[in-house]
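J.: give the three-dimensional model of this entry:
(2 chains)
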Amino acid sequence: MGTLMGRPGLAVMTGAAAAAIAVSAVASERSAWSFLVFVLGLLAGLAVAWRSNESPGAIVVAGLALIVVWAFVEGPPVTWSFFLIVLTGTGAAFLTNGRYALRRILGVIPILLVVSFVVFSLMASLPGDPAINILGPAATPDAVAQVNAELGLDEPFFNRYGNWLGDAVMGDLGNSVQLREEVADGLSRSITPSLQLMFYSLILASLIAFPLGIWTAYRNGQRVDRSVNTVMLGFFAVPPFVLAIVLVLFLAIGGVSIFGADVGLRILPGSRYVPFGESRVDHFKHMFLPALSLALGQAAVFMRLLRADMIGTLRQPFIDLARSKGLRTRRILWRHALRPSMFTLLTVMGFTVGTLIGGALITEIIFVLPGLGGYMFNAIFQRDFIAVQGGTMVIATLYILILVLVDFTYLALDPRLRTGGSGLGGDGG
Amino acid sequence: MVADLDSGVAPATAATAEPAPAAIVDAGPENGSDAGAGVRRPKALGVMFWLAVGYLVVLVLAAIFAEVLPIKDPADTFSGTAKNGPSAEFWFGNDGAGRDIFSRVIYGAQVSLIIASVGATLALLIGGMIGMAAGYYRSRVDTIITTFTDATLVIPPLILALSLILFLDSEAARRVFILIVVFVLLSIAPIARVVRASTLVWSEREFVLAAKTMGARNGRIMFREVLPNVAPALISYSLIVMANLIVVEGAVAFLGLSVPPPTPTWGDMINKGRTDLEAAAHISLVPAAVMFLTVLALNFVGDKLQERYEPRESVL
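T.: Residues are numbered from 1 along each chain as shown, chains lettered A, B, ... in the order given. A predicted model of the protein is given here:
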C-alpha cells in the first residue's frame, strides 16, 4: 500500500477502521460491542472510499487487510471474521455490479436445495434403523416405535424433508442423540479450528505459490523452471497425511538417525490445539505444521496453474509495450501480468479451499485439532445420521459461499465485468 | 498514437516472442531444438517417464505374483525382531509385531491397486457415458447432469466415503466390494466434468457436422466420431483418478475402515507405525514412501500422456 497517500478515500477508510479497532481494543474484553464498533468503523470507511471513486479491487483488499488486523488484535470468534469477509465481498460486488451480484446470490438457492435434497435422501436411503442404533439391538418394538415418533421418522419422506429443511433454515439442525447435544452447537464449536486451518494453509500456500509461479513462468523452460516444477510435482503427489507424519517426524520429534547421524529438528511443538484467544504465539506455533502439511500440496497445484496462465499472458503485446516503456521486470510481472493470469487460479483456489472445510479430516486427527473433520468423523462412527446430515449441509453451504466469493473477486480483477449485466454470467462449469 | 506504438513494437518482438496461434503452449525454448524439423513431432517422453512406468510395472507384477514370490508370509511374526531396522533378511525392517515390512508392503499393494484400478475403470465407463451425453446433447440433458455433478462435488469426498462405508455395511466381510462401489460413486462426477468439457470441444468440429449431414445417428456419432478423440485424454486422466483413489483408500485405511486387519494395507501400516514414530520411524515411513512413489509415478505418467493428447495444447 505504498500509494495510500495519493488515495484520500483509502486513507480515510483505513483511519476509520483503525480508530474503531483502537476503540474496541481499549474498551475492554471481547464482546459483541467491540464487534459492532469495528463493523461500523469498517462500513463508514468503505462508504467514504466508495464515494471517492476508489477502484473496487483496492477497497476490497484494504477491507480484507483491516479485517485481518482486527482479528489479530481482537481475537474474535473466527465465524465473525468469516462473516465479515463474506459481507465485505458481497457488499463490494453489489456496489460494482448489482445485477450480477444479485443473480449469483439468488443462484445459490437452487444449488443449496439440490444439495440438501441429495444429502437428505442419501441419509434416508441408507440401510440400518436409527432407532436401533440409539437403543441397541435388544430394543422392544414399542420402544423403537416411540423413538421413531420422537424423531419424526414415522412420517412420509417428503414431510420429513420439509420439516428438516425448514428447521435447518432457522438454524436448528436437530439434536444429536449419540453426542448428547444440539448439532448446531457442536458444529459452531468445532468450526473455529477448521476455518483457522483453512485460512492459514491458504495464506501459506499463496506465499509459496505466487512467487514461484511468477518466477517459473518468467524463466519458462530454463533449469530453474524445470527443477522447481519437479519438486512441486513431488509435493502434489504426497498424500497430506503422509506429509503430516513426515513433517512431525523431522520438525517436531527430532527425526531419524541415519548411520548414527541425527537428521531432523525439534523446533516445533507436538500436536495440541491452543485457542487463538489463549496465546497468540502458541496458537501459531501449534497451527504451523498442520497448515503447512495442507499448504504444500495446494501450493503445488496453485503454482502450476499460475505458471501456465502466466506464460500465456507474458506473450501478449501489452507486456511488450510495458517492457518498451522501460518498466522494471518486477513491476511488469507483479502489476501487469499477474492480474490477468489469475482467473483459473482463483477458481481452483475456491474449490481447493472449499474442500478443506470438512476434508482436512485426517490432518485434524493427526494434529488433534477439535475441528469439523473430527466432529464429522465422530458422528459418522457413531452412526449419528442427524449430525452427519447437518454437518454435511453446513460444510456444503460454506463451500458454496466461498465459490460465490471467488466469483465476486472476478469483478475486482476484471473491469470489463463491472458494467452491464452480461459478462461472465453463466460460467456453467 | 496507440496504433503507432503498436506497429513500432511489433516487428522487434516478432522474432522473439510472437507465437503462432496454433502452438501457443509448445512454443517455449525447451522445444527449440526440434522446432526446425518442420514436422509436428510429439515431444520425447523422457527418462523420468520410463522410470515411472518401470516402477509401476514392477509394483504391479510384484502384487500379482506375491503368492509365488519367495517372500515371507505377511502375517508371520518373527520373535525378537520387533521394530528392527532394515537388515539383510528383512529388507525394509520389521514392524511393531515383528512382521516383515517388505512383504507387507507388497501384499498391501494388492488392496490399493485392485481397488484403485477397478474403481477407476468402472468410474471411467459410467462417468464417461454421462459426460459424453451432457456434452453432446447439451440443453436440458446437460443442465440436469451438471446440476447433479456439481451438487455431489460440493460434498467433501472423504466424508461421503466414510459415511457410505460405515452406514452401508456392518460386517467387514464385503469391504473390498463396498469400497469399490463408494470410490466409483466418488469419481463419477469429476470424470463426467472432464469428459463433458472435452466432448463440447470435439462435437463442434467439422467432421462431426459432416457425419450429421450424412444422416448418422447420434449414438453412432458419439461412439465413432467423438469417442476416439476424447479417449486418449480420458485414459491418461484415468491414471490421475487412480492416483487419487490410492490416496483416498490410504486415508480410509489410515482411519481403520478399509479392508480389515489380517490383510495388510498401506494406510493401516502408516497409522499403526505412528505410535513408534520416535523410536522406529521406518515402520511408518516405508509404506508412506511406497505409497508416495506410486502416486507420484501415476501422476507423472498421466500428466505426460495428457500433455501429449490434450486437444487444446496440440491441434486446436
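J.: next to chain A, which bits of the stretch 151-300 of chain B? Give me the list.
T.: For the stretch 151-300 of chain B, the residues in contact with chain A (CB under 8 Å from any CB of the partner chain) are B:151-152, B:154-160, B:162-164, B:166-168, B:170, B:193, B:243, B:247, B:250-251, B:254-255, B:270, B:274, B:277-278, B:281-282, B:284-285, B:288, B:291-292, B:295-296, B:299-300. Heads up, the C-betas are built off the backbone N, CA and C, glycines and all.
J.: swap in 6 Å and give it another go.
T.: Residues of the stretch 151-300 of chain B lying close to chain A by CB under 6 Å from any CB of the partner chain are B:151, B:154-156, B:158-159, B:162-163, B:166-167, B:247, B:250-251, B:254, B:277-278, B:281, B:284, B:288, B:292, B:295-296, B:299.
J.: show the average pLDDT along stretch A:341-349.
T.: Computed over stretch A:341-349, the mean pLDDT rounds to 78.
J.: residue A:273 contacts residue A:369, doesn't it?
T.: Yes - in this structure, residue A:273 is within contact of residue A:369 by CB atoms under 6 Å, at 4.9 Å.
J.: can you check which residues contact both of the two?
T.: Common contacts of residue A:273 and residue A:369 (CB atoms under 6 Å, 6 or more residues apart in numbering or on different chains): residue A:193.
J.: who has more neighbours, the two?
T.: residue A:369 (24 against 19; other CB atoms under 10 Å in any protein chain shown).
J.: and that one, how close does it get to chain B?
T.: Taking CB to the nearest CB, to the nearest Å as the measure, residue A:369 falls 15 Å from chain B.
J.: so that residue: helix, strand or coil?
T.: Classification of residue A:369 using DSSP: H, G, I helix; E, B strand; the rest coil returns coil.
J.: ramachandran angles for it?
T.: phi -90, psi 130 (degrees, to the nearest 10).
J.: before we move on, which element is residue 108 in?
T.: All of this is about chain A. Assessed by DSSP states H and E, residue A:108 sits inside helix A:98-125.
J.: my bad, the chain I had in mind was chain B
T.: helix B:101-137.
J.: I'd like the average pLDDT over that helix.
T.: 86.
J.: centre of the chain versus the helix or strand following it, how much separation?
T.: Scanning forward in sequence from helix B:101-137 by DSSP H and E, the next helix or strand is helix B:139-154. Centre-to-centre, helix B:139-154 and its host chain are 23 Å apart (CA atoms, centre = their mean, to the nearest Å).
J.: just checking, what packs against helix B:139-154?
T.: helix A:98-125, helix B:101-137, helix B:175-202 (3 or more CB pairs under 6 Å, 6 or more residues apart in numbering or on different chains; DSSP states H and E).
J.: let's go with 10 Å and repeat that
T.: Secondary-structure packing of helix B:139-154 (3 or more CB pairs under 10 Å, 6 or more residues apart in numbering or on different chains; DSSP states H and E): helix A:98-125, helix A:343-359, helix A:385-413, helix B:101-137, helix B:175-202.
J.: any chance of TSV for those helices, columns mean neighbour count and distance to residue B:75?
T.: Formatted as TSV, those follow (neighbours: other CB atoms under 10 Å in any protein chain shown; distance: least, CB to CB, whole Å):
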stretch	mean neighbour count	distance to residue B:75
helix A:98-125	16	37
helix A:343-359	21	34
helix A:385-413	23	35
helix B:101-137	22	9
helix B:175-202	21	17
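J.: need the nearest residue in space to the spatially most central residue of chain B, chain neighbours excluded.
T.: Nearest to the geometric centre of chain B sits residue B:240, at 1.7 Å (CA atoms, centre = their mean). Closest residue to residue B:240 apart from its sequence neighbours, by CB to CB, 6 or more residues apart in numbering or on different chains: residue B:302 at 4.2 Å.
J.: doesn't residue B:53 make contact with that neighbour?
T.: No - here residue B:302 does not reach residue B:53: they are 11.2 Å apart, not a contact under CB atoms under 10 Å.
J.: in the stretch 201-316 of chain B, what residue comes closest to chain A?
T.: The minimum distance from the stretch 201-316 of chain B to chain A, using CB to the nearest CB, falls at residue B:296 (3.8 Å).
J.: how much space between residue B:175 and residue A:408?
T.: Per CB to CB, to the nearest Å, residue B:175 is found 44 Å from residue A:408.
J.: how about residue B:293?
T.: Distance, residue B:293 to residue A:408, by CB to CB: 41 Å.
J.: cool, and residue B:267?
T.: Where residue A:408 is concerned, residue B:267 sits at a distance of 39 Å (CB to CB).
J.: cool, and residue A:192?
T.: Separation of residue A:192 from residue A:408 (CB to CB): 24 Å.
J.: now the element after the lengthiest helix in chain A, going C-ward?
T.: Identified as the longest helix of chain A according to DSSP state H is helix A:183-218. Following helix A:183-218 in sequence order, the next helix or strand is helix A:223-237 (DSSP H and E).
J.: next secondary structure element downstream of that following helix?
T.: helix A:240-247.
J.: and the helices in chain B, which stretches?
T.: Listed in chain order, the helices of chain B (DSSP H) span B:2-14, B:32-35, B:46-64, B:101-137, B:139-154, B:157-168, B:175-202, B:206-213, B:218-220, B:227-254, B:266-273, B:282-309.
J.: could you count how many residues lie near residue A:166?
T.: 10.
J.: surely it touches residue A:172?
T.: Yes - contact between residue A:166 and residue A:172 holds when scored by CB under 10 Å: they sit 8.9 Å apart.
J.: next, count neighbours for residue B:69.
T.: Residue B:69 - counted by other CB under 10 Å - has 12 other residues nearby.
J.: ramachandran coordinates for it?
T.: phi -70, psi 150.
J.: quick one, what contacts the spatially closest residue to it that is not a sequence neighbour?
T.: Nearest residue to residue B:69 in three dimensions, chain neighbours excluded: residue B:62, at 6.8 Å (CB to CB, 6+ apart). By CB atoms under 10 Å, 6 or more residues apart in numbering or on different chains, the contact list for residue B:62 reads B:69, B:71, B:103, B:105, B:106, B:107, B:109, B:110.
J.: how far is the helix or strand harbouring residue A:283 from where the chain is centred?
T.: Assessed by DSSP H and E, residue A:283 sits inside helix A:280-313. Relative to its parent chain, helix A:280-313 has a centroid offset of 13 Å by CA atoms, centre = their mean.
J.: next structured bit after it?
T.: Past helix A:280-313, the next helix or strand by DSSP H and E is helix A:317-324.
J.: now do the helix or strand that that next one is followed by, average pLDDT.
T.: Using DSSP H and E, the next helix or strand after helix A:317-324 towards the C-terminus is helix A:329-331. The average pLDDT within helix A:329-331 is 82.
J.: list of residues touching helix A:329-331?
T.: Against helix A:329-331 from outside (CB under 10 Å, 6+ apart): A:214, A:218, A:322, A:323, A:337.
J.: do you know the pLDDT at residue 62?
T.: By default, I'm working from chain A. In this model, residue A:62 is scored at 76, pLDDT.
J.: you answered for a different chain; I wanted chain B.
T.: Confidence score, pLDDT, at residue B:62: 83.
J.: what of residue A:411?
T.: So residue A:411 comes in at 73 (pLDDT).
J.: right, and it touches residue A:99 too?
T.: No - look at residue A:411 against residue A:99 with CB under 10 Å: they stay out of range, at 11.6 Å.
J.: tell me the contacts of the residue nearest to residue A:309 when sequence neighbours are not counted?
T.: Residue nearest to residue A:309 in three dimensions, not counting chain neighbours: residue A:341, with 4.1 Å by CB to CB, 6+ apart. Shown here is residue A:341, whose contacts under the criterion CB under 10 Å, 6+ apart are A:213-214, A:217, A:305-314, A:316, A:333.
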